[in-house]
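Novice: Pasting the sequence and the predicted model now:
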Amino acid sequence: MHLLCAGAAKGVVEALATDFERETGASLGATFGAVGAMKERLDAGTPCDVIVLTAVLIDALAADGRVDAAAVRRLGEVPTGVAVRVGDATPAIGDADALRASFRNAPAIYFPDPERATAGIHFIGVLRRLGIHDEVAARLRPHPNGATAMRALAASGEPGAVGCTQVTEIRYTPGVTEVGALPEGFELRAMYAAAPLCASVEPAAARVLVEWLGGGRSHALRIAGGFEI
């Protein structure tokens, strides 16, 4: 069974995968990445039984009759946050001035795709609103998705480097630690949802997976992972 999944939900999926395969007998093949990249894969015809995207995109797929609208389940909202390497000093990010100074002082800034990733698109807007985009442009380190950005931050060896992506991707990446969510006026909370494809070749298992992702089976996992339910 094929899953296309926004990176924000990777930790939840991986925590459930073994039990799901054992209890359903289905073999789960999951692809994770930026929301835009997952939607592009779906549109290009990549096999898919279940998809996890922002709720806005899932609702659009339901309106087009591509996913089962009655089976859609919301996972919760995920804030976008700031990260540093484990052991590094924690920068102040509580307001615009603190956030601006922290990004200005960072030798490198890791973040997801500014064209396809929800958090990456938002982050570029934050830098522009802070008036420092051009100033820090040479230190920007974009990556295909938040998970790869956080892994790169962890492996960077650059004291004082920072990252910005959804807090779920920060929390499931070893070697980085969450500083906190972006402050008021710059925050982003993206609602995520899961849905089975109407064209699924494993419809029963697909509906079970969606129920697990958006139901009681994963409730504690989602909260621990950074979803706001």
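Specialist: Okay, I see it.

Novice: Next up, the contacts around residue 148.
Specialist: residue 112 (Cβ atoms under 8 Å, 6 or more residues apart in numbering). (C-beta placed from N, C-alpha, C; glycine too.)

Novice: Spit out the contact partners of the residue lying farthest from the centre of the chain.
Specialist: Going by Cα atoms, centre = their mean, the residue of the chain most distant from its centre is residue 25, 27.6 Å out. Applying Cβ under 8 Å, 6+ apart to residue 25 gives the contacts residue 205.

Novice: Look up how far residue 133 lies from it.
Specialist: Distance, residue 25 to residue 133, by Cβ to Cβ, to the nearest Å: 51 Å.

Novice: in stretch 74-92, what counts as buried?
Specialist: Neighbour counts over stretch 74-92 (16 or more other Cβ atoms under 10 Å) mark 75-85, 88, 91 as buried.

Novice: ditto for stretch 156-163
Specialist: For stretch 156-163, the neighbour count (16+ other Cβ under 10 Å) marks 156, 158, 161, 162, 163 as buried.

Novice: Nearest to residue 3 among the residues you listed?
Specialist: Nearest to residue 3 among these is residue 163, at 25.5 Å by Cβ to Cβ.

Novice: just checking, the closest one touches residue 112?
Specialist: No: applying Cβ atoms under 8 Å, one finds residue 163 not in contact with residue 112, separated by 9.3 Å.

Novice: any residues in contact with both of these two?
Specialist: Common neighbours of residue 163 and residue 112 (Cβ under 8 Å, 6+ apart) are residue 149.

Novice: Against which helices or strands is the strand or helix carrying residue 60 packed?
Specialist: Using DSSP states H and E, the element containing residue 60 is helix 55-63. Helices and strands touching helix 55-63, by 3 or more Cβ pairs under 8 Å, 6 or more residues apart in numbering; DSSP states H and E, are strand 50-54, strand 189-196.
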